[in-house]
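>>> requesting a structural model of the entry that follows:
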Amino acid sequence: MATETRARPEGEAAEPKRRFKFPTAFTVLFFVLVLVWILTFIIKPGTYSYVSCDGGSPKPIPGSFNNFNQNLSFQERLYDLWLSPVNGLYGIRTPAEPVANPGSKLLGKAEAACGKSGGKQVPAEVVTPPGNTGPYNSGDLAGAVQVFFFVLAIGAFITVTIKTGALDAGIGRVTNRFRKRGLLLIVILMVIFSLGGTTYGMAEETLGFYAIILPVIIALGYDRLVGVGIIMVGAGVGTLASTVNPFATGVASDAAGVALGDGIGLRLIMYVVMVIVALLYVLWYARRVKGDPGKSMVPAIEADRALASAPAGPPEPMTGRQKVVLWIFGLTFLLMIFSVIPWGDFSSSLESITLGWYFPELAALFLVGAVLIGLVGGLGEEGTVTGIISGAGDFIGAALIIAVARGVTTIMNNASITDSVLHGLESVVSGLPSGAFAVVMYLVNIPLAFLVPSSSGHATLAMPIMAPLGDFAGVSRAMVVTAYQSASAIVMGGLALSRVGYNRFLRFVAPLLLVLLILTCLFMLLGVAVPALGGSVT
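The predicted structure follows:
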C-alpha cells in the first residue's frame, strides 16, 4: 500500500519544535493541592497528644500518636478543597484547650518533650490538638494574611525606590568610581548585591543592573560571566545565607512558629563565610580571564569588542533627593533587622532595646518607608500612590503563592492527616543523630526548591511537616528554617539579558555550588552542636 507524502512548499517555514517549559509555581502548587486532597481519602486520620511548654505554641508529644475514624463526607472534603486558598489566607483555627486530667503517663511524656532548663523542669501543660480551620471559626489565625500583606508592602517599598532612580544612580556612581580598580570594584558590588539578597531576597530587582554593570566589566578586560557572577552569584549567595530575608527566612519562621531572629547567629556566620568563598571564586575567574582571554567560558561577541573600545562617559550626577532616598532605603532595612533580633536572648541587659516586631509592624514600616521615599524622591502624591499600587501589584503573585501553599496545610489539618504523615516519619528521624537530621533536612529541601521555585511558597508548603520533625529529632525549629533556606537555588533570570548561555553558566557556577553545598552541611552540624548559634530546642 502506497503511503502518500505531502511535500513542503518551497519557502514554507518548518514548524518550530515545542520545547518543554517547566510550569509556574502556581501550577505546581495546584497539582500538589489536588494530590494532597486525594491523599486525604487514602491516609488514615490520626493525631498526637499536644503539649504547651511554658505557655508556648502547642507541639506534638513523641510516642503519643493514635489513629481514629473521621467520617467526613465527600461534600465536606470538596468544601475543604474549594475553600483551601481562602483558608490559606485568613482561615481561623479552633485553638487547643487544656486537658483536665491527662494521666501520669502522658504527663510524663509531655514533661520529657519540654525538657529542663537550668536544672528545672520546663512547665508542661497537656492540651488538645488544634481544631479545624475555616473562615467563620473563632480562635487563632491559621492563614498567612500577615505575611501576605507584608509581601505587598515590601513590593511597594522597593518599586517606589526604583522609580526615584536612586538605586540605578547609586550603582552607577560606585561602578564609575572604581572602574580603574577592577578587582576592588568586583568585591564592592558583590557585597552590595549579597546584602540585598540576605536582607530581602534580591532577585528580579537585579535585572535593571545588567545594562549598567556589564559594559564597565567588559571595558575593564573581563568577560560577561564576571558581570553575571557579580550580580547573580552575589545576590544568590546572599539569599542562600539569608539572615532576615522576609520571603525566605520570614515566611519559613512564621510557618514553623518561631521568631524571625531565632538562629540568626548561625545565619550571620554562614553569610560572611559564603560571601567570602563566592568572592574568592569570582575574583579567581576574573583574574584568569583578564590574564588570558582565551580561558573565558563565553566567546566574545561583536558587541563586547565595541564596548571594550568605547570611551567611558561619566555617570549622571546624583541629585540631593536621590542621596536622601538611598539613606532612607538603607536605614529602613537596618531598622527591620534591628527590630526582629531578640537582643534580650543575648543578655538580659539588652532586653530594653528588644522591639520584638513581627509582620504587622514590619508591613507598616515598609508602607511608611514607601510613602516617605516617594515624597522625598520627588514622585509627588500621585506618583507615590501609583508606585505603591504598582509595586504591590508586581508582588501579588508571590503573596498569592503563600496563600495557596498554606491552603495545602489546611486541607491536611482538616482531614487530620498531618499528624499521620508525621507519625510515619517519626520513627525514621528519631533514630538519627541531630546533626545528621539537619543535613538530611537541607538535602531534602534541594529538590523541593526546584519543584516549587517560589521561596515563600516552598517555605509555606514544607515547614508544617519539617518543623515538628525537628522536635522529634531534638533539633531546633530555627535550624530547620536555616536548612530550608540554604537549599534555595541561585536565580537565573539575568542570563538572557547578559547573553550568556544556560549551559555555560552552569559550567561556571558548578564548582562553587559544590563547595557551598559542603559548607552548608558543615554549618548544619555546627548549628546543632552549638544551640546558641542555631537556636535552642524548645
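
>>> the closest residue to Leu350 other than its chain neighbours: neighbour count?
Nearest residue to Leu350, sequence neighbours excluded (CB to CB, 6 or more residues apart in numbering): Trp343, at 3.9 Å. C-betas here are computed from N, CA, C, even on glycine. Residues within reach of Trp343, counting by other CB atoms under 10 Å, total 17.

>>> who's in contact with Trp343?
Applying CB atoms under 8 Å, 6 or more residues apart in numbering, we find Trp343 in contact with Leu350, Glu351, Ile353, Thr354.

>>> ok, and the most crowded of those?
Most neighbours among those, by other CB under 10 Å: Thr354, with 17 neighbours.

>>> and Gln70, helix, strand or coil?
Three-state call for Gln70 (DSSP: H, G, I helix; E, B strand; the rest coil): coil.

>>> that one contacts Ala415, doesn't it?
Yes. Taking CB atoms under 8 Å as the definition, Gln70 is a contact partner of Ala415 at 7.3 Å.

>>> need the overlap of contacts for those two.
Between them, Gln70 and Ala415 share these contacting residues under CB under 8 Å, 6+ apart: Pro45.

>>> of the two, which one has the most company?
Neighbour totals were compared for Gln70 and Ala415, and Ala415 leads with 22 against 15 (other CB under 10 Å).

>>> where does the prediction get shaky in the stretch 101-250 of the chain?
In the predicted model of the stretch 101-250 of the chain, residues 117-118, 171-172, 174-175, 179, 200-212, 246-248, 250 satisfy pLDDT under 70.

>>> repeat the analysis, applying 50 as the threshold.
204, 207-208 (pLDDT under 50).

>>> ok, now the chain?
Regions of the chain meeting the criterion pLDDT under 50 cover residues 1-6, 11, 204, 207-208, 307, 310, 450-454, 457, 461, 489-497.

>>> now the strands for it?
Using DSSP state E, the strands of the chain run over 46-47, 50-53, 59-60, 66-67, 92-93, 116-117, 120-121, 124-127, 133-134, 140-141.

>>> Ile218 is nearest to which of those strands?
strand 140-141 (51.4 Å; CB to CB).

>>> that closest one packs against which elements?
The elements that strand 140-141 packs onto, with contact taken as 3 or more CB pairs under 8 Å, 6 or more residues apart in numbering; DSSP states H and E, are strand 92-93.

>>> what strands flank the strand it packs on, and is each parallel or antiparallel?
strand 133-134 (antiparallel), strand 140-141 (antiparallel) (DSSP bridges).

>>> how many other residues sit next to Phe41?
Residues lying near Phe41 (other CB under 10 Å) number 11.

>>> cool, the one 10 residues further on as well?
Counted by other CB under 10 Å, the residues lying close to Val51 total 27.

>>> tell me who's in contact with it.
Val51 makes contact with Pro58, Lys59, Ile61, Ala110, Ala113, Cys114, Ala124, Glu125, Val126, Val127, according to CB under 8 Å, 6+ apart.

>>> got the phi and psi for the closest residue in space to Ser296 that isn't next to it in sequence?
If the residues on either side of it in the chain are set aside, Ser296 comes closest to Asp223, at 4.4 Å by CB to CB, 6+ apart. The phi/psi pair for Asp223 (degrees, to the nearest 10) reads phi -110, psi -180.

>>> isn't Asp223 right next to Lys295, touching?
No. Here Asp223 lies out of contact with Lys295, judged by CB under 8 Å, at a distance of 9.4 Å.

>>> what sits in contact with each of those two?
Common neighbours of Asp223 and Lys295 (criterion: CB under 8 Å, 6+ apart): Val289.

>>> compare those two (neighbour count), which wins?
Neighbours per residue, other CB under 10 Å: of Asp223 and Lys295, the larger number sits with Asp223, 25 against 11.

>>> state the distance from that one to Ile230.
12 Å (CB to CB, to the nearest Å).

>>> mutual contacts of those two, please.
Looking at what touches both Asp223 and Ile230 (by CB under 8 Å, 6+ apart), the common residues are Ile217.

>>> wait, doesn't Ala278 sit right on Met190?
Yes. Between Ala278 and Met190 there is a contact at 6.9 Å, judged by CB under 8 Å.

>>> what touches both of these two?
With CB under 8 Å, 6+ apart as the test, Ala278 and Met190 both reach Val233, Gly234.

>>> number of nearby residues for the nearest residue to Gly221 once chain neighbours are set aside?
With CB to CB, 6+ apart as the criterion, Gly221 has its nearest non-adjacent residue at 4.7 Å, and that residue is Lys290. If you count neighbours by other CB under 10 Å, Lys290 ends up with 17.

>>> over to Leu283?
Other residues close to Leu283 by other CB under 10 Å number 17.

>>> that one and Leu183, how far apart?
Taking CB to CB, one finds Leu283 at 6 Å from Leu183.

>>> Val258 too?
Distance of Val258 to Leu183, given as CB to CB: 40 Å.

>>> over to Met318?
Met318 is 25 Å from Leu183, by CB to CB.

>>> do Ser73 as well
Relative to Leu183, Ser73 is positioned 68 Å away (CB to CB).

>>> more neighbours: the two, which one.
Leu183 (16 against 8).

>>> ok, the more buried one touching Trp284?
No. Leu183 lies out of contact with Trp284 (CB under 8 Å); the separation is 10.5 Å.

>>> tally of neighbours for the closest residue to Val34 other than its chain neighbours?
Spatial nearest neighbour of Val34, excluding adjacent residues (CB to CB, 6+ apart): Leu81 at 7.6 Å. If you count neighbours by other CB under 10 Å, Leu81 ends up with 18.
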